[in-house]
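A.B. asks: no sequence on this one, just coordinates:
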Ligand SMILES: O=C(O)C(=O)CO
């Protein structure tokens, strides 16, 4: 089936779904209208509707009214794929969201000074500058490793306890390495976004988990290249109180991500009132991207349409 026919068929199908689904908002009738906020899907999210080709997935997303896209794994793609994606996103007027520049979840890479590990991080940040330029990205995710654990050398927990750097020194080390990463990014106008992660459903032991902690780090680093990625899913689990916490660290937030809890699926499948949270971001004049870093609650094309409908509802504040 040609793309145009395919999209016509998909459009007709979505109109039928909108007419038969009384809970879907009237906006589904115009399934190509741009969303108010820049929600960014990722590759694979619409593969049943759009097929496996990356550019076809971008076209499908743009045709649904999405204005941005994120790709955590962009750095691992071939240069040819990066160029092809960047060209298609330019043609489709899709803004590039984050890719992951450096992420470590279970070793105290930033928290403990180890010159080899720090050089590795700085090398990854330098390599990310090239990727960012190639794909027109402004933001890149950094996850700075775990807290210092009771593991002098082996990387294993010591059940009787062992040496462990005091928290203030861990924080000072993290700040020092973040400053050095920022020095690499500043001349290029690029921004690393630090992502606090929850300890209870996904990533026990990560150094960075609270929004106030991320805020303090950004204030200490004091660079336009070091900002917060506020992932609403992770922060709901860690601290809740979403709207007041977003307000409290607002001037250091550069990027947001979404996902409902429990389950990390599309808005409306869990406990978060996304209509109110997105409405709040809109009222504050948020012009940044909201990466849809979650799975689909249902399988197949119907599940993909359910994701799109969920964002239409949450965007209709
Ligand atoms: O791994 C995760 O859960 C993240 O959100 C990283 O981006």
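C.D. replies: That came through, no problem. A quick note: this is a predicted structure, and the numbers were derived from the prediction, not measured.
A.B. asks: can you list the domains in the protein?
C.D. replies: According to automatic domain parsing, the chain is divided into the following domains: 1-28, 35-314.
A.B. asks: give me the low-pLDDT residue ranges for the stretch 151-300 of the chain?
C.D. replies: Scanning the stretch 151-300 of the chain with the threshold set as pLDDT under 70 gives 151-162.
A.B. asks: Taking it, what residue is nearest to the ligand?
C.D. replies: Among the residues of the stretch 151-300 of the chain, residue 202 lies nearest to the ligand; the distance is 4.9 Å by Cβ to the nearest ligand atom. For the C-beta atoms, the positions are set from N, CA and C on the backbone; glycine is no exception.
A.B. asks: any idea how far residue 45 is from that residue?
C.D. replies: If you measure residue 202 against residue 45 using Cβ to Cβ, to the nearest Å, the figure is 19 Å.
A.B. asks: tell me the secondary structure for the residue of the stretch 1-150 of the chain found nearest the ligand?
C.D. replies: Relative to the ligand, the nearest point of the stretch 1-150 of the chain is residue 141 (5.5 Å; Cβ to the nearest ligand atom). Here residue 141 is recorded as strand under DSSP: H, G, I helix; E, B strand; the rest coil.
A.B. asks: Tell me what it is bridged to.
C.D. replies: residue 100, residue 193 (DSSP bridges).
A.B. asks: Of the domains of the chain, flag the one that's most buried.
C.D. replies: When the domains of the chain are scored by mean count of other Cβ atoms under 10 Å, the highest mean neighbour count falls to domain 35-314 (a mean of 19).
A.B. asks: Do me a favour and get the end-to-end distance for that one?
C.D. replies: End-to-end distance for domain 35-314: 10 Å, by Cα to Cα, to the nearest Å.
A.B. asks: how about the residue lying closest to residue 145 once chain neighbours are set aside, secondary structure?
C.D. replies: Of all residues not flanking residue 145 in the chain, residue 109 sits nearest, at 3.5 Å (Cβ to Cβ, 6 or more residues apart in numbering). Assigned by three-state DSSP, the conformation of residue 109 is coil.
A.B. asks: Return the residues in contact with residue 109.
C.D. replies: By Cβ atoms under 8 Å, 6 or more residues apart in numbering, the residues touching residue 109 are 117-118, 120-121, 144-146.
A.B. asks: For the residues you listed, could you give me a markdown table that also reports pLDDT, secondary structure and distance to the ligand?
C.D. replies: Converted to a markdown table, the contacts of residue 109 look like this (pLDDT from 0 to 100; DSSP: H, G, I helix; E, B strand; the rest coil; distance: Cβ to the nearest ligand atom, whole Å):
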| residue | pLDDT | secondary structure | distance to the ligand |
| --- | --- | --- | --- |
| 117 | 97 | helix | 20 |
| 118 | 98 | helix | 21 |
| 120 | 98 | helix | 19 |
| 121 | 98 | helix | 16 |
| 144 | 98 | strand | 12 |
| 145 | 95 | coil | 13 |
| 146 | 93 | strand | 13 |
